[in-house]
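>>> Test case, fold it:
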Amino acid sequence: MRYMFLVYSKEMPDIRPEDLEDVTRRHGAVLAEATAKGVLLGADPLHPISSAKTIRTNNGKASILDGPFAETKEQLAGYYMIDCRNLDEALEWAKKIPSGCKGGEGCIEVRPVREIRKS
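Below is the predicted model of the structure:
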């Protein structure tokens, strides 16, 4: 079953180069391990929230808003897509993913991907 790991962390506009190198190295280790085990389907970081737009539909009319939908201190920073046998295996992989924040702040949301039947 495929699982999407949504990586949430605080935006880090003033991150020190050595901290960026550290989190990049830690993500690289998870990516290398998941690739070697054949479970990695994809992973990408997202651009900063300043580049985000949200489409909200009200009474059939779409409005375009700047920024993410929810106001929060954490932002959706990226994702991993991993193919796991079950939720327990997915949770073990999620524990390995660094949040990117100094002090380990942030979270990883684990959600199974609903398969769409193709006819």
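
>>> gap between stretch 74-91 and the chain center?
Taking the mean C-alpha point of stretch 74-91 and that of its whole chain, the gap between them comes to 8 Å (Cα atoms, centre = their mean, to the nearest Å).

>>> Contacts for it next, please.
1-11, 30, 34, 38-46, 48-49, 68, 93, 97, 100, 105-107, 110, 112-113 (Cβ atoms under 8 Å, 6 or more residues apart in numbering). Bear in mind the C-beta positions are built from the backbone N, C-alpha and C, glycine included.

>>> Buried by neighbour count: which residues of that stretch qualify?
Buried residues in stretch 74-91, counting neighbours by 16 or more other Cβ atoms under 10 Å, are found at 74-84, 90.

>>> mind checking the longest helix of this protein?
Longest helix of the chain, by residue count under DSSP state H: helix 17-36.

>>> in whichever helix or strand comes after that one, what's buried?
As assigned by DSSP states H and E, the chain's next helix or strand after helix 17-36 is strand 40-45. Of the residues in strand 40-45, those with enough neighbours to count as buried (16+ other Cβ under 10 Å) are 40, 43.

>>> what about the protein, any weak spots by pLDDT?
Screening the chain residue by residue with the criterion pLDDT under 70, one finds the ranges 12-14, 68-73, 99-105, 119.

>>> So which residues of it form strands?
Listed in chain order, the strands found in the chain under DSSP state E are 2-10, 40-45, 53-58, 61-66, 74-83, 107-112.

>>> possible to save these as CSV with distance to Glu18?
As requested, the strands of the chain are arranged in CSV below (distance: least, Cβ to Cβ, whole Å):
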stretch, distance to Glu18
strand 2-10, 17
strand 40-45, 18
strand 53-58, 33
strand 61-66, 32
strand 74-83, 19
strand 107-112, 23
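
>>> What are the phi and psi values at the residue lying farthest from the centre of the chain?
Relative to the centre of the chain, and counting by Cα atoms, centre = their mean, the farthest-placed residue is Asn59 at 31.2 Å. In terms of degrees, to the nearest 10, the main-chain angles of Asn59 are phi 50, psi 40.
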